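Trainee: Mind folding the following:
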Amino acid sequence: MKKLLLLISTVTILGFISCQNEQSAGLIYYNINGYTLQSNGELNQFEALVIEDGKVVEVGEETEMLNRYSDFEKINGEGLTLLPGLIDAHAHVMGLGKGELDLDVSGVESLDETLEMIGRFADENPEREWITGRGWNQVLWETSEFPTASDLDAVVSDRPVYLTRVDGHAAWVNSRAIELAGIDRNTPNVQGGTIIKNDEGEPSGILVDRSMSAVGQYIPERTDSDYERAFELALDEMSKLGITSVHDARTDNYEWELYKRFADEERLKTRIYAMIAGTGDIFDQMAADGPINSYADDLLALRSVKISADGALGSRGAALLEDYRDDPGNRGLLFFDQDEINAMLLKGASAGFQMNIHAIGDAANRQLLDAFQYVNDELGDQEMLRHRIEHAQVVSLEDIPRFVDLNLIASMQQTHATSDMNMAEDRIGPIRIQGAYAWQTFLDQGTVIAGGSDFPVEDVNPFYGLYSAVTRQDHEGMPPGGWYSEHQMSRVEALRSFTLDAAYAAHQENQLGTLEPGKWADFIVVDRDYFTVDAAEIWQTEVLQTWVAGKKVYDINQ
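Mentor: Numbering: from 1, shown residues only. Presented below is the predicted three-dimensional model:
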């Protein structure tokens, strides 16, 4: 019996020692062309990355690291380029995933081709009660005119159709949907929304911003399995493209609980910094216990709020101080009056939440600057909460310095500039364009720019954003030299916006954004050197591996 107890004791001790060795065993990724920014903004190049317990131990010269950590597991990087994991500071996670379940007509360059795709999708999905999808963009079509319900009726008339524009700020519906919603010539517009009418005064089939809900409210709810599958698809796509962290712009309680369940089940492979959807009932429920700075080892955070102040430029819903140049009499849509937006910002900030507010037009940006000034006056300096204006797309030149005065972060999506350059100046003219997509004006005054994509409004690939930031050109290299090239970012500035500054915009610069000792080992391995490759190739960069907290979550060969 004593021999048996001794044997059990010996096995237990050996097992404990083995377990301790496993826990302390680290990893060296060597023979790499590594780059990371440092907290002081300088770029550091290295040959080896040392990881332990999911965090960076140090980076340095290959031989030195291999000698110093000789007992660590070793991975030969074969000379490939390694970068910090990329952070998308403004995106719609479930929008990306749900888009994978629906029709996507993004980038289609004619109305006829778009209609053909819609009809084919309907034929292939006879069981669907509604035909839903997104991505149409009339600016790419022959006439650049909004489509109509009758266009849709020609291909789908037996079921309601609801398709959101590429920017998410307008819906194209067929006559069946209009009839179901009870919309007619006498249906009034709501604050912040427009039902576009045809020459006869009848609903045309286009609903802008808040009027979209007149039909959208009737779309059947998705099932729990739909949501879970959509989330899985979104996570897979982000990992595949090198996004290790994302700021989710408008999260409701159902989505937050889904995110937490994935984290608890160790299925969450992209960090999510969630923005609560508004300051109404959803906020009251989700913010009851105050901000959540970290959940599941920084995989999740819930400490900010997203509100939209206006629409989008492409659908002429962005709120402007003067008329649209190409639509006299129209100044877009402010969703709230000044007192309303003041009250919402004050409510969220009073509870300790960062307020991240969508503003595209110069009128909306001015309204928000006034609102943030009001909050400062009521609560005192708000610098510690790091409030943000999302998009800050068209800002009056006289208002840009107020971002510094109010300690605001500009959360800007670089691909918006290259997507909008075919129509932006038509919308606002040559004077106001000077304050549009004005990255260097913001950087020169010291404003932090958090880079992002706004996916699925734009493509989820962050290297598209890096390319747009550096070149201000489309993928064919147009226009030569870049569109308003004085606002091009350097490669360091662009990368910083998608790493360190995006992390700062989420209060996470001490945990994420660079490969410095003590931070999470979130990194990617790519097929070309971002810093030396011809700028024209940046958008073609392919991610070979993605790692989060020292664990590989994507491998192109697996």
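Trainee: what's the weakest-modelled helix or strand in this structure?
Mentor: Scoring the helices and strands of the chain by mean pLDDT, DSSP states H and E places helix 2-24 at the bottom, with a mean of 35.
Trainee: C-terminal to that helix, what's the next element?
Mentor: The C-terminal neighbour of helix 2-24 among helices and strands, as given by DSSP states H and E, is strand 27-37.
Trainee: quick check: domain ranges of this structure?
Mentor: Using automatic domain parsing, the domain ranges for the chain come out as 95-216, 309-489.
Trainee: For residue 291, which of these is the nearest?
Mentor: domain 309-489 (5.3 Å; CB to CB). For glycine as for every other residue, the C-beta is placed from the backbone atoms N, C-alpha and C.
Trainee: Most tightly packed of the domains of the chain?
Mentor: domain 309-489 (a mean of 21; mean count of other CB atoms under 10 Å).
Trainee: Need phi/psi at the residue nearest the centre of the chain.
Mentor: The chain has residue 91 as the residue nearest its centroid, 1.9 Å off, counting by CA atoms, centre = their mean. Main-chain dihedrals, residue 91, degrees, to the nearest 10: phi -160, psi 180.
Trainee: Show me the beta-bridge partners of it.
Mentor: residue 248 (DSSP bridges).
Trainee: Can you check the pLDDT for it?
Mentor: For residue 91, the model assigns a pLDDT of 98.
Trainee: what do you get for the one 5 residues further on?
Mentor: Note for residue 96: predicted pLDDT of 95.
Trainee: Is it in contact with residue 457, as I believe?
Mentor: No - proximity of residue 96 to residue 457 does not meet the contact threshold set by CB atoms under 8 Å, at 10.1 Å.
Trainee: Quick check: residue 275 vs residue 81, distance?
Mentor: To residue 81, residue 275 is 32 Å away according to CB to CB, to the nearest Å.
Trainee: who has more neighbours, those two?
Mentor: When neighbours are counted by other CB atoms under 10 Å, residue 275 and residue 81 differ, and residue 275 comes out ahead with 26 against 21.
Trainee: Which residue, neighbours along the chain excluded, lies closest to that one?
Mentor: Spatial nearest neighbour of residue 275, chain neighbours left out: residue 306 (3.7 Å); criterion: CB to CB, 6 or more residues apart in numbering.
Trainee: The one you found falls within a strand, correct?
Mentor: Yes - per DSSP: H, G, I helix; E, B strand; the rest coil, residue 306 lies within a strand segment.
Trainee: Pull the contacting residues for it.
Mentor: Residue 306 makes contacts with 249, 250, 251, 275, 276, 277, 278, 356, 357, 358, 390, as judged by CB atoms under 8 Å, 6 or more residues apart in numbering.
Trainee: Report the beta-bridge partners for residue 197.
Mentor: Beta-bridge partners for residue 197, by DSSP bridges, are residue 203.
Trainee: one step back: could you measure the residue nearest to the centre of the chain against residue 243, distance?
Mentor: Distance of residue 91 to residue 243, computed by CB to CB: 8 Å.
Trainee: Could you tell me which residues touch both of the two?
Mentor: Joint contacts of residue 91 and residue 243 (CB under 8 Å, 6+ apart) are residue 460.
Trainee: Show me the strands in the stretch 101-250 of the chain, by range?
Mentor: Ranges of strands in the stretch 101-250 of the chain, per DSSP state E, counting those that start in this stretch, are 103-104, 131-136, 161-165, 170-173, 193-197, 203-209, 243-251.
Trainee: quick one: the strands in the stretch 451-558 of the chain?
Mentor: Ranges of strands in the stretch 451-558 of the chain, per DSSP E, counting those that start in this stretch, are 523-526, 543-548, 551-555.
Trainee: so what's residue 381 scoring on pLDDT?
Mentor: 87.
Trainee: Name all residues that make contact with it.
Mentor: Each residue near residue 381 by CB under 8 Å, 6+ apart is listed here: residue 407.
Trainee: quick one: it is in a strand?
Mentor: No - applying three-state DSSP, one finds residue 381 to be coil, outside a strand.
Trainee: what's the distance between residue 112 and residue 205?
Mentor: Noted for residue 112: a distance of 17 Å to residue 205, by CB to CB.
Trainee: Check which element follows the host helix or strand of residue 259 along the chain.
Mentor: Assigned by DSSP H and E, residue 259 belongs to helix 253-264. Using DSSP H and E, the helix or strand that follows helix 253-264 in sequence is strand 271-277.
Trainee: Distance from the chain centre to the helix or strand following that following strand, please.
Mentor: Using DSSP H and E, the helix or strand that follows strand 271-277 in sequence is helix 281-286. Mean-position distance between helix 281-286 and its chain equals 22 Å (CA atoms, centre = their mean, to the nearest Å).
Trainee: Show me what counts as buried in helix 281-286.
Mentor: 282, 283, 286 (16 or more other CB atoms under 10 Å).
Trainee: quick one on the thing from earlier: out of the strands of the stretch 451-558 of the chain, nearest to residue 223?
Mentor: Minimum separation from residue 223 across the strands of the stretch 451-558 of the chain (CB to CB) falls at strand 551-555, 26.5 Å.
Trainee: Residues in contact with that closest one: which ones?
Mentor: Contacts to strand 551-555, defined as CB under 8 Å, 6+ apart, come from residues 54, 239, 240, 269, 270, 543, 544, 545, 546, 547.
Trainee: which residues pair with residue 545 across the strands?
Mentor: Residue 545 forms beta bridges with residue 525, residue 555, as assigned by DSSP bridges.
Trainee: my guess is residue 432 meets residue 365, correct?
Mentor: No - applying CB under 8 Å as the test, residue 432 and residue 365 come out as separate, 11.5 Å apart.
Trainee: what is in contact with these two at once?
Mentor: Common contacts of residue 432 and residue 365, defined by CB under 8 Å, 6+ apart, comprise 394, 396.
Trainee: which stretches of the stretch 101-250 of the chain form helices?
Mentor: 111-124, 149-153, 175-181, 213-216, 224-240 (DSSP state H, counting those that start in this stretch).
Trainee: residues contacting residue 63?
Mentor: With contacts defined as CB under 8 Å, 6+ apart, residue 63 is in contact with no residue.
Trainee: Checking it next. Helix, strand or coil?
Mentor: Following three-state DSSP, residue 63 is assigned to helix.
Trainee: go on, the one 3 residues further on?
Mentor: Look at residue 66: counting by three-state DSSP, its state is helix.
Trainee: Residue 318 against residue 395, yeah?
Mentor: No - if you go by CB under 8 Å, residue 318 and residue 395 don't touch, sitting 11.4 Å apart.
Trainee: Number of residues surrounding the closest residue in space to residue 492 that isn't next to it in sequence?
Mentor: Excluding the flanking residues, the one nearest residue 492 by CB to CB, 6+ apart is residue 43, at 5.7 Å. Other residues near residue 43 come to 13 when the count uses other CB under 10 Å.
Trainee: thinking again about what came up before, now the strands of the stretch 101-250 of the chain in CSV, with distance to residue 477 and mean pLDDT?
Mentor: Conversion of the strands of the stretch 101-250 of the chain to CSV gives the following (distance: least, CB to CB, whole Å; pLDDT from 0 to 100):
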stretch, distance to residue 477, mean pLDDT
strand 103-104, 26, 92
strand 131-136, 24, 93
strand 161-165, 27, 96
strand 170-173, 30, 96
strand 193-197, 36, 93
strand 203-209, 34, 95
strand 243-251, 25, 98
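Trainee: Same list (those) but as CSV, adding distance to residue 77.
Mentor: CSV is the format used below for those (distance: least, CB to CB, whole Å):
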stretch, distance to residue 77
strand 103-104, 35
strand 131-136, 37
strand 161-165, 42
strand 170-173, 46
strand 193-197, 53
strand 203-209, 48
strand 243-251, 18
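Trainee: Which one of these lies nearest to residue 149?
Mentor: Checking the strands of the stretch 101-250 of the chain against residue 149 by CB to CB gives strand 203-209 as the closest, at 2.9 Å.
Trainee: the inter-axis angle of that closest one versus strand 193-197?
Mentor: Going by axes from the mean of the first three to the mean of the last three CA atoms, to 10 degrees, strand 203-209 is angled at 160 degrees with respect to strand 193-197.
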